[in-house]
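1. What follows is a predicted structure for the sequence shown.
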Amino acid sequence: MSNKPAEITFDDFLAVDIRVGQIINAETFPQARKPAYKLLIDFGQEIGQKKSSAQITVHYSPDQLVGRKVMAVINFPKRQIGPFMSEVLTLGFADENGDILLAGTEENTPIGARLL
């Protein structure tokens, strides 16, 4: 079995809408099966505020998250996670233990900006 990912076209890439947002609220999510936070992320006037459940509790506290810019896929279908409806997928990378580190961007990147 090969570890090489399947090739995609540029149009396939453009179909995934990845935007920069700023976390405006972060709180614990005790009803989640795995430790997670409920995030409220502002993507600017065009997209507005969206909710996300993120399993990022190992490396971040809610206080560290508020004001932080993150990257998220905004055009996946909404996903019900327990009593919470997650509207976007906040992006990150697994560390050596499988715990998630947020994907980042430059601080001066405007909220709502699309990854191209």
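-> Everything's here; your move. Numbering: from 1, shown residues only.

2. Strands along the chain, start to end?
-> When secondary structure is read from DSSP state E, the chain shows strands at 18-28, 37-42, 49-54, 69-73, 79-81, 84-86, 89-90, 92-94, 100-102.

3. okay, the ones you listed in JSON lines with mean neighbour count next?
-> All C-beta atoms are positioned from the backbone trio N, CA, C, and that covers glycine. What follows is these, written out as JSON lines (neighbours: other CB atoms under 10 Å):
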{"stretch": "strand 18-28", "mean neighbour count": "19"}
{"stretch": "strand 37-42", "mean neighbour count": "22"}
{"stretch": "strand 49-54", "mean neighbour count": "21"}
{"stretch": "strand 69-73", "mean neighbour count": "21"}
{"stretch": "strand 79-81", "mean neighbour count": "13"}
{"stretch": "strand 84-86", "mean neighbour count": "16"}
{"stretch": "strand 89-90", "mean neighbour count": "21"}
{"stretch": "strand 92-94", "mean neighbour count": "13"}
{"stretch": "strand 100-102", "mean neighbour count": "17"}
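
4. so can I have JSON lines of the ones you listed showing distance to Asn3 and mean pLDDT?
-> Converted to JSON lines, these look like this (distance: least, CB to CB, whole Å; pLDDT from 0 to 100):
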{"stretch": "strand 18-28", "distance to Asn3": "23", "mean pLDDT": "98"}
{"stretch": "strand 37-42", "distance to Asn3": "31", "mean pLDDT": "98"}
{"stretch": "strand 49-54", "distance to Asn3": "26", "mean pLDDT": "98"}
{"stretch": "strand 69-73", "distance to Asn3": "23", "mean pLDDT": "98"}
{"stretch": "strand 79-81", "distance to Asn3": "27", "mean pLDDT": "95"}
{"stretch": "strand 84-86", "distance to Asn3": "29", "mean pLDDT": "97"}
{"stretch": "strand 89-90", "distance to Asn3": "23", "mean pLDDT": "98"}
{"stretch": "strand 92-94", "distance to Asn3": "15", "mean pLDDT": "98"}
{"stretch": "strand 100-102", "distance to Asn3": "21", "mean pLDDT": "98"}
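
5. Nearest approach to Asn108 belongs to which of those?
-> strand 69-73 (9.4 Å; CB to CB).
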